[in-house]
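*Asks:* I'd like to go over a predicted model; first the sequence, then the structure.
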Amino acid sequence: MNSPIPPTPVPVPPAARPPASYRALGWLLAVPALLGTLITLVLPTVQTIVLSLHSGGVLQPSRFVGLDNYGKVLGGEEFWRALGFTLSLTVGPLLVAVVVGPLLALALDRGGALPRRAGLVVSSLAIVTFSPIGVAAAWLRGTSPDGPGIATLAEGLRDPATAPGTLRLVVVAATFGVVCALALTAFLPALRGGTAGRATVVVAVLVALATVAVGAQAFSIGMALTRGGPERATQTLAGLQYDFAFRMAQFGPGAAVAALTGVLLGVLGIVAVVVAVAARLRVTVLPERDRRGAFPGSDPGRSRAGGGGVVAGAVALVLVVAVGLVCAWPWISGVLAGGDGAVSGGLRAQVNTWVPAVAGALVSVGVAYLAALGIGGLRPLGARSEWLLLPFAPWLFVGTGPLGVADWQNMRNLRLVDTFFALFPPLLVSVPALLVLTLLCKGLAERNDRDFFGGVLLPSLPMAGVLAGAVTLVNAQDVLWPLLVAQSPELFTVPVTQMGRLGGFHGVPDVGASTPLVVVVVALAAVVAAQLRYLDRLAVSVNGSRPARTSP
């Protein structure tokens, strides 16, 4: 077996400072993102804080009460129990992300081209088929007498004593495949950097922060399975906010919970951006591999895996896939069993789901891409340009949940509630896409020996497409925002329809309705192509090191 040759870091010469006209264009390209952040992130945040200082809401006149709502929330047991339970839900996915993910990435990277590409294809399938409401519906089938296999664990959700532990296990099992897939996508590029060890550590920190932030906003699976019960034993922060604001019509306490959640997410976002910028993190695109899986100009011995490496990579992939199949069996059996697809996945519901999802992704990622070209590609502040991401950092991990009370009130004031337009996501800029694209444009600009169009714009354009696709999938599977703004059944999205059927007496809905076959086939083809042709060529490096396997 050929032992891998440790890469030798090669200092990257400082990029030439662009002409003043280019720097001015860089500022100009960032303006749409700044405006989008101000309108759809900063302003709703301020509105949320103002609402948290008032009582009343829809049913009663609003009046200023100062910090009384915070006293009510922080002084009660519900908030602290919800906070503790919410954070406990992140432990399992966090371990999968920062332990299983990097180990699998290392095994596949050392295993050579065939195991690595097989892993990328499998991870693509896990990403495009993930549906929180569909998974929850599948697990609820386990409460029936003929429940399938592992899904019978859901019986524990009926008892207040066992419900919290059961829901934690369900969340780990339900998210195992998609968390492994996303972690693999993040860690493989770090292993191709000039300083693989340090890059992996930085990526692990960012992945950990993102996992905790996503878990802190958990809503769909818990709401579908238990609705916070029994006896509030499985109440999450998002569920508590929803109960206060929209079930009890108490906007003040609901906004207070949202504001406190926003503080947590803001701290995580600021830490993530500071870590990425201080570590001088950069992403770049390596040249095309040859048929052996090597990069042009790379050491052939480093790219050819020995027999032991291939076996280790194949074994690691088989083990992870086996565990993933066991965890996904409730969903798989639910899809095979079928359901009332005419109700859950009718054409109108699919249009309500996917048209706003696609449009929202194109706008939010497109605006972020323009800013990334300006900040990372044209570098208006030179070597310090990445610090321009800091004003966006508090909203890096903020989704629609913490801003939902303010956004719903804005929609109501504009008389847009229960209209098709209200289904469009209320965020005009995707801050996660802005961070990733800026780091990519930065890496491309520093290695650019061509013009801006050929050296930065064209190589980064596929990543913008990949992120637009990812945001589309996230938007389509979101249940909270459509649940808030759509009251007429004609405007229900597929996840909202599934949620309604889970809470009624109609039985279990069609588990696969939110991931229809046409969407899965198209998305899978696109994701596999992106993984093999583009994402498999990305390299992440830190502290000024150059990726180890680049052409001279």
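*Replies:* Looks like it came in fine. Numbers count the residues shown, from 1 in each chain.
*Asks:* List the contacts of stretch 48-68.
*Replies:* 69-70, 245, 249-252, 255-256, 258-259, 262, 402-403, 405-406, 409 (C-beta atoms under 8 Å, 6 or more residues apart in numbering). (Glycine included, C-beta is placed from N, CA and C.)
*Asks:* what is the rounded mean pLDDT of that stretch?
*Replies:* Summarised as a single mean, pLDDT over stretch 48-68 is 87.
*Asks:* Give the buried residues for it.
*Replies:* Across stretch 48-68, burial judged by 16 or more other C-beta atoms under 10 Å covers 48, 51-57, 65, 68.
*Asks:* from the contacts of stretch 48-68, which would you call buried?
*Replies:* 69-70, 245, 250-252, 255-256, 258-259, 262, 402-403, 405-406, 409.
*Asks:* Can you tell me which of the buried residues of stretch 48-68 end up in helices?
*Replies:* 48, 51-52, 68 (DSSP state H).
*Asks:* can you give me the helices in the stretch 1-150 of the chain?
*Replies:* 20-37, 43-52, 68-74, 77-95, 101-111, 113-128, 132-140 (DSSP state H, counting those that start in this stretch).
*Asks:* tell me what the longest one is packed against?
*Replies:* To tie it back to what came earlier, the one meant is helix 77-95. helix 163-191, helix 196-216, helix 237-242 (3 or more C-beta pairs under 8 Å, 6 or more residues apart in numbering; DSSP states H and E).
*Asks:* Tell me the helices and strands packed up against the following helix or strand past the second one.
*Replies:* To tie it back to what came earlier, the one meant is helix 196-216. Counting by DSSP states H and E, the next helix or strand C-terminal to helix 196-216 is helix 220-225. If you count contacts as 3+ C-beta pairs under 8 Å, 6+ apart, helix 220-225 packs onto helix 132-140, helix 163-191, helix 237-242, helix 494-502.
*Asks:* residues contacting L106?
*Replies:* Counting by C-beta under 8 Å, 6+ apart, L106 touches 187, 191.
*Asks:* Kindly recompute the last result at 7 Å.
*Replies:* L106 makes contact with L191 under the criterion C-beta atoms under 7 Å, 6 or more residues apart in numbering.
*Asks:* how close does it get to F85?
*Replies:* To F85, L106 is 33 Å away according to C-beta to C-beta, to the nearest Å.
*Asks:* ok, back up a step: tell me which of the buried residues of stretch 48-68 is nearest to L38?
*Replies:* T48 (14.9 Å; C-beta to C-beta).
*Asks:* what's the nearest residue to that closest one if we skip its chain neighbours?
*Replies:* With sequence-adjacent residues excluded and distances taken as C-beta to C-beta, 6 or more residues apart in numbering, T48 is closest to A406, at 4.6 Å.
*Asks:* Helix, strand or coil: sort out A476 for me.
*Replies:* Following DSSP: H, G, I helix; E, B strand; the rest coil, we place A476 in the helix state.
*Asks:* my guess is G111 contacts G307, does it?
*Replies:* No - using C-beta atoms under 7 Å, G111 makes no contact with G307, being 10.2 Å away.
*Asks:* Between those two, which has more neighbouring residues?
*Replies:* Per other C-beta atoms under 10 Å, whichever of G111 and G307 has more neighbours is G111, with 24 against 10.
*Asks:* Where does pLDDT dip in the stretch 251-400 of the chain?
*Replies:* Scanning the stretch 251-400 of the chain for pLDDT under 70 picks out the ranges 289-306, 338-345.
*Asks:* Can you show me the strands along it?
*Replies:* Using DSSP state E, counting those that start in this stretch, the strands of the stretch 251-400 of the chain run over 282-285.
*Asks:* on that earlier part again, which among the helices and strands packed on helix 77-95 is found nearest to T226?
*Replies:* Comparing those under C-beta to C-beta, the one sitting nearest is helix 163-191, at 6.2 Å.
*Asks:* Please state the offset of that closest one from the chain centre?
*Replies:* Computed by C-alpha atoms, centre = their mean, to the nearest Å, the chain-centroid distance of helix 163-191 equals 12 Å.
*Asks:* Show me what it is packed against.
*Replies:* Contact here means 3 or more C-beta pairs under 7 Å, 6 or more residues apart in numbering; DSSP states H and E; on that basis helix 163-191 packs against helix 77-95, helix 101-111, helix 113-128, helix 132-140, helix 196-216, helix 220-225, helix 307-337, strand 538-541.
*Asks:* In contact with the closest residue in space to G360 that isn't next to it in sequence, which residues?
*Replies:* Excluding the flanking residues, the one nearest G360 by C-beta to C-beta, 6+ apart is P425, at 3.7 Å. For P425, the contact set (C-beta under 7 Å, 6+ apart) comprises 356, 360, 400, 475, 481.
*Asks:* For L41, see how far away P425 is.
*Replies:* When P425 is compared with L41 (using C-beta to C-beta), they lie 12 Å apart.
*Asks:* now T200
*Replies:* 31 Å.
*Asks:* go on, L206?
*Replies:* On the measure of C-beta to C-beta, L206 and L41 end up 20 Å apart.
*Asks:* thinking again about what came up before, secondary structure element holding the residue nearest to T48?
*Replies:* helix 404-413.
*Asks:* Nearest residue to W395 in space, please, no chain neighbours.
*Replies:* L41 (4.5 Å).
*Asks:* hang on, that neighbour packs against L396?
*Replies:* No - counting by C-beta under 7 Å, L41 stays clear of L396, with 10.3 Å between them.
*Asks:* so who does A199 touch?
*Replies:* 190, 193, 540-542.
*Asks:* nearest to W329, of these?
*Replies:* Using C-beta to C-beta, the contacts of A199 come closest to W329 at A190, 31.6 Å.
*Asks:* and the closest residue to that closest one other than its chain neighbours, how far is that from R117?
*Replies:* Counting by C-beta to C-beta, 6+ apart, A199 is the residue found nearest to A190 once chain neighbours are left out, at 4.1 Å. As judged by C-beta to C-beta, A199 and R117 stand 22 Å apart.
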